[in-house]
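Peer 1: Need a 3D model of the following:
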Amino acid sequence: MNIASHDEDGEAVFETMIQIDLDVKTFMSDWILCDQLSTYSARMISHNRPDSVRHSNLFSSALNELLEVAFRTRHYGGEIACRVSRRGETDRIELTFPCIPEERQFFEEAVFQITGSEAMERYLNSVSGDLAPSREVVLLELVIDYNATLRVEQVGADIITLVVDLPLEGMPS
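Peer 2: Predicted coordinates:
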């Protein structure tokens with residue numbers, strides 16, 4: 001047993017595979033950066049998966065959605081950090097970015113609501129409407145389509161981390 005890859009209880013920990021840090025102004029300067037960062041990250045972490053192309057496509061889509069959520073922040077200073085870690089068949093995305101208190105509250109409430117038993121109903125209601133997809137719909141899609149688990153961590157007064165665990169290898173084809 002490799003001590004460094006296990007916690008005090010002997011449980012395997014998530015091992016960091018890649019981290020990208022960007023100035024928020026640079027990140028928000030061009031929408032295409034969301035796609036470029038997600039594609040690059042997916043290719044870097046998918047090479048050793050049994051079906052690397054499938055894994056890369058699924059991961060890239062999920063990460064792109066998360067990056068687009070952060071892209072819509074109304075806080076224009078600081079840094080955005082995206083760390084991808086792995087434990088077994090689960091990939092973890094930790095997306096840290098500055099946001100105003102109202103946005104933090106939105107994310108906390110959205111994550112609380114999407115982890116409930118009504119997630120599928122909320123998702124179906126939101127996608128059947130005439131409105132453009134909201135940030136909540138994006139989070140619901142991750143839970144419904146990717147079997148993701150999500151949580152929000154407050155890092156600082158105006159900084160949060162969205163933590164998303166994606167068990168992509170266990171998803172049916």
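Peer 1: So which bits of the helix or strand encompassing S60 are buried?
Peer 2: Using DSSP states H and E, S60 sits within helix 52-71. By neighbour count with 16 or more other C-beta atoms under 10 Å, helix 52-71 contains the buried residues 55-56, 58-71. (C-beta placed from N, C-alpha, C; glycine too.)
Peer 1: of the residues you listed, closest to I80?
Peer 2: Nearest to I80 among these: A70, at 5.9 Å, using C-beta to C-beta.
Peer 1: Just to check, that closest one is in contact with E94?
Peer 2: No: assessed by C-beta atoms under 8 Å, A70 is found out of contact with E94, at 11.7 Å.
Peer 1: Find the residues that touch each one of these two.
Peer 2: Both A70 and E94 are in contact with L162, where contact means C-beta atoms under 8 Å, 6 or more residues apart in numbering.
Peer 1: any weak-confidence spans in this structure?
Peer 2: 1-11, 116-117, 123, 126-127, 129-134, 173 (pLDDT under 70).
Peer 1: try 50 this time
Peer 2: Applying pLDDT under 50 to the chain flags residues 1-4, 132.
Peer 1: ranges for the strands of it?
Peer 2: Listed in chain order, the strands of the chain (DSSP state E) span 15-23, 79-87, 90-98, 149-156, 159-166.
Peer 1: Just put those strands in TSV and tack on mean neighbour count and distance to I45.
Peer 2: Formatted as TSV, the strands of the chain follow (neighbours: other C-beta atoms under 10 Å; distance: least, C-beta to C-beta, whole Å):
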stretch	mean neighbour count	distance to I45
strand 15-23	13	5
strand 79-87	19	6
strand 90-98	22	7
strand 149-156	14	18
strand 159-166	20	11
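Peer 1: how about those strands in a markdown table, adding distance to S128?
Peer 2: Output for the strands of the chain, formatted as a markdown table (distance: least, C-beta to C-beta, whole Å):
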| stretch | distance to S128 |
| --- | --- |
| strand 15-23 | 35 |
| strand 79-87 | 31 |
| strand 90-98 | 28 |
| strand 149-156 | 22 |
| strand 159-166 | 24 |
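Peer 1: what's the closest of the ones you listed to E108?
Peer 2: strand 149-156 (5.1 Å).
Peer 1: which helices and strands does the closest one pack with?
Peer 2: helix 101-114, helix 135-146, strand 159-166 (3 or more C-beta pairs under 8 Å, 6 or more residues apart in numbering; DSSP states H and E).
Peer 1: starting at the chain centroid, how far to it?
Peer 2: Centroid separation for strand 149-156 versus its chain: 11 Å, with C-alpha atoms, centre = their mean, to the nearest Å.
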